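A.B. asks: coordinates only, sequence not included:
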């Protein structure tokens, strides 16, 4: 008995795990080889798509984080400059304040943008977020931001920034687990 096809213009397909598809695989070994080749092709394509997606996500999140970092850096540079100088309202003092605010905004933006871009790239490529992702991102960002001053300064920046990021992630993970353990069970 044949099933009626509700859409006569489209051919009726068997479900994926049906007896018919299993029969075709057993009776036609060439079909199995084709399926394996298609799976390998999908894996290769998915890696290139994942890499492209990771680059795009890293760029966008790094750009937005850099913008936020710059917005935070302006008041920090402005107020720190005002606290260190004795003149507040002269023309030269305001030039100094604006220059300090711009430098601070640039540094905060570069730091947050570089870290977030690398962190997002690694998280997207690996498909998971863990403590070591932040540590590697911190070390890479610390190195990239300090390598202009020399190899030793780059390594010092990598160790410092990566270590601080690792300690922060470990501390926040411990706090989250502690809060989870202290949570009262639902009645």
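C.D. replies: Noted; the coordinates are in hand. Here the structure is a predicted model, which means the values were calculated and not measured.

A.B. asks: three-state assignment of residue 86?
C.D. replies: Following DSSP: H, G, I helix; E, B strand; the rest coil, residue 86 is assigned to coil.

A.B. asks: per-residue confidence at it?
C.D. replies: Residue 86 carries a pLDDT value of 75.

A.B. asks: Likewise for the one 10 residues further on?
C.D. replies: Note on residue 96: pLDDT of 85.

A.B. asks: how about the helix or strand where it lies: buried residues?
C.D. replies: Residue 96 belongs to helix 91-126 when assigned by DSSP states H and E. Across helix 91-126, burial judged by 16 or more other CB atoms under 10 Å covers 96-97, 100-101, 104-105, 107-125. Using the backbone N, CA and C atoms, a C-beta is placed for each residue, glycine as well.

A.B. asks: now stretch 126-143
C.D. replies: Using 16+ other CB under 10 Å as the test for burial, stretch 126-143 gives 133-143.

A.B. asks: any low-confidence regions in the chain?
C.D. replies: The model of the chain has pLDDT under 70 over residues 1-33, 42-45, 47, 88, 185-187.

A.B. asks: Do a quick rundown of the helices in it.
C.D. replies: In the chain, the segments counted as helices under DSSP state H are 19-27, 29-84, 91-126, 131-146, 151-181.

A.B. asks: ok now do the residue positioned nearest the centre of the chain, which residues does it touch?
C.D. replies: Nearest to the mean C-alpha position of the chain, counting by CA atoms, centre = their mean, stands residue 120 at 0.8 Å. By CB atoms under 8 Å, 6 or more residues apart in numbering, the contact set of residue 120 is 54, 57-58, 61-62.
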